[in-house]
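Colleague: sequence? don't have it. structure:
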């Protein structure tokens, strides 16, 4: 499919390094699915949507030329997107916990309702986003350097989290996902994880984003805790942009 | 029940369906899964001597009607770091064919030798890379260069050698004849093309130009398989726009001993290999043959 040109309606700073951009796109997107966002002349990257109504948003952290170009797209100018791609989180009406690290919180945002608790973690305060999406008292913030919320990591926050939930949704760097997986695996809780790996094509062709023979862009990016349990690459190794295997 | 087994380039395959180079074949676990899910063999992503990041994104354009344009740019980890992926793929106990690209006959020879050491069942020569001397031509458009590469590789390895030829030439038969020492000729590689986005007013691929594959190129592929088989009699493996059992049979009737599938894997998923195998058996019954290989060359 060719790219849809969508006009940026407004943008909002979520933190000094993260920005949300809104656009109208007449396309059904499910929570956890992603789009490829192209900036002509600069590059194309996968982005989760952080809200899914008639007005949709992407929440972008500046970590390279393509994301910087998206962030600097002013209202009135165009984004070029294709998708949506990938599978999605399983919605549940019960109580749920979302665990988001860094910009991983963006793909979890559409799941947040009055029944949702949150653990949001990042290296430091400037990377903490979307805390305002949760009801008062339902979100716990942790930073590696203690500049906001608890000083410590996601697992330490999980250890003190004591509400009973029916489902846990997790998104962030694979190292964090692996730690959460190991903490949860014998506790009998339903959990789904959205993975991030180097992605080029988005359509199940190039093999860049694969894990254990599954393509994140097609079979994922969301995998259940049981699926992850059978994967040899999860938390262990991945391929770089060139295709070279590196240890996590 | 129809026997789907074929011999191609001297390799016995449980069915005629091979994963084409460049699709789902840089991660060993993926190749292993594609084999376990029904492909008879896989061809790896093209591997060179040194690590290459390839082009920046966009590297693909998902075109309408089952077509695709790509310019991935020969991204690869370099031959030294690829042995591990082949070892993982080989756990499926099926043939893994190592695709290689280089800039001289000697380099192709070295790469092929490494592939043989890694356990590859054959090597496929990707001859569509630019000439080192800067002529801008592909190595594959120069019959003398192609012959030198094929001969250098044949001298270096004992496994079968497949020469994958580019259709972006004016002298295909001459080039095919220059591959007389190869065990099989693979046609066709992608056809050069480009895509423009009318809203952005720009080419979509970061490299501007790419290779066209998918349904649109099937009839070009069929023609070259037929012509090369008819004129040279060499073993030919067909590739280009195959997405169902009828396509496979057309290629086999044109003279192909086996086929490769690439673009359609993106459209229909990895399950396409088992789906086509299933349909192929039914189609062979309808065509009243006991062995799919009986259809080879039927249209010649």
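Modeller: That came through fine. None of these values were measured; they are calculated from a predicted model.
Colleague: Could you chop chain A up by domain?
Modeller: A:4-85, A:96-247 (automatic domain parsing).
Colleague: burial count for residue B:143?
Modeller: 17 (other CB atoms under 10 Å in any protein chain shown). For the C-beta atoms, the positions are set from N, CA and C on the backbone; glycine is no exception.
Colleague: which residues touch it?
Modeller: Counting by CB atoms under 8 Å, 6 or more residues apart in numbering or on different chains, residue B:143 touches B:171, B:174-175, B:177-178.
Colleague: Can you give me the buried ones in stretch B:95-103?
Modeller: B:95-102 (16 or more other CB atoms under 10 Å in any protein chain shown).
Colleague: Turn the domains of chain A into JSON lines, columns for distance to residue B:213, mean pLDDT and mean neighbour count.
Modeller: Shown next, in JSON lines, are those (distance: least, CB to CB, whole Å; pLDDT from 0 to 100; neighbours: other CB atoms under 10 Å in any protein chain shown):
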{"stretch": "domain A:4-85", "distance to residue B:213": "18", "mean pLDDT": "96", "mean neighbour count": "19"}
{"stretch": "domain A:96-247", "distance to residue B:213": "10", "mean pLDDT": "95", "mean neighbour count": "19"}
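Colleague: and of those domains, who's closest to chain B?
Modeller: Nearest to chain B among the domains of chain A is domain A:96-247 (2.8 Å), distances taken as CB to the nearest CB.
Colleague: Specify the local secondary structure of the closest residue to chain A within the stretch 1-150 of chain B.
Modeller: The nearest approach of the stretch 1-150 of chain B to chain A comes at residue B:33, 2.8 Å away (CB to the nearest CB). Local secondary structure at residue B:33 is given as helix here, using DSSP: H, G, I helix; E, B strand; the rest coil.
Colleague: Apart from its neighbours in sequence, what residue is nearest it?
Modeller: residue A:213 (2.8 Å; CB to CB, 6 or more residues apart in numbering or on different chains).
Colleague: and what of residue B:54?
Modeller: residue B:75 (2.7 Å).
Colleague: contacting residues for that neighbour?
Modeller: A:241-243, B:26, B:45, B:52-55.
Colleague: any idea how far it is from residue A:200?
Modeller: According to CB to CB, to the nearest Å, residue B:75 and residue A:200 sit 8 Å apart.
Colleague: shared neighbours of those two, which are they?
Modeller: In contact with both residue B:75 and residue A:200: residue A:241, using CB under 8 Å, 6+ apart.
Colleague: gap between stretch B:178-190 and the chain center?
Modeller: 10 Å (CA atoms, centre = their mean, to the nearest Å).
Colleague: Please disregard the earlier target; I meant stretch B:271-285.
Modeller: 20 Å.
Colleague: quick one: buried residues of that stretch?
Modeller: Buried, per 16+ other CB under 10 Å, within stretch B:271-285: B:272-273, B:276-277, B:280-281, B:283-284.
Colleague: Other residues contacting it?
Modeller: Taking CB under 8 Å, 6+ apart as the rule, stretch B:271-285 contacts B:1-2, B:4, B:15-17, B:19, B:34, B:37-40, B:243-246, B:248-249, B:261, B:264-265, B:268, B:290-292, B:295.
Colleague: Give me the buried entries from those residues.
Modeller: Looks like the contacts of stretch B:271-285 have B:2, B:4, B:15-17, B:19, B:34, B:38-40, B:243-245, B:248-249, B:261, B:264-265, B:268, B:292, B:295 buried, using 16+ other CB under 10 Å.
Colleague: Do I have it right that residue B:297 meets residue B:229?
Modeller: Yes: if you go by CB atoms under 8 Å, residue B:297 and residue B:229 touch, sitting 6.7 Å apart.
Colleague: Just list the residues touching the most centrally placed residue in chain A, thanks.
Modeller: With distances taken as CA atoms, centre = their mean, the residue of chain A nearest its centroid is residue A:104 (3.3 Å). Going by CB under 8 Å, 6+ apart, residue A:104 touches A:171-173, A:176, A:194, A:196.
Colleague: which residues touch stretch A:54-64?
Modeller: A:9, A:14, A:17-26, A:29, A:35, A:37, A:43, A:45, A:47-51, A:67-68, A:70-71, A:79, A:102-103, A:105-106, A:109, A:127, A:129-130.
Colleague: Sketch out the helices for chain B, chain order is fine.
Modeller: B:28-36, B:83-90, B:105-118, B:143-156, B:172-177, B:218-232, B:245-253, B:263-268, B:272-286 (DSSP state H).
Colleague: And residue A:171, how far from residue A:196?
Modeller: 8 Å.
Colleague: same check, this time on residue B:57
Modeller: For residue B:57, the distance to residue A:196 - CB to CB - is 15 Å.
Colleague: The residue nearest to residue B:173 when sequence neighbours are not counted: neighbouring residues, count only.
Modeller: Using CB to CB, 6+ apart and skipping residues adjacent in sequence, the residue nearest residue B:173 is residue B:231, 5.7 Å away. Here the number of neighbours of residue B:231 (other CB under 10 Å) works out to 12.
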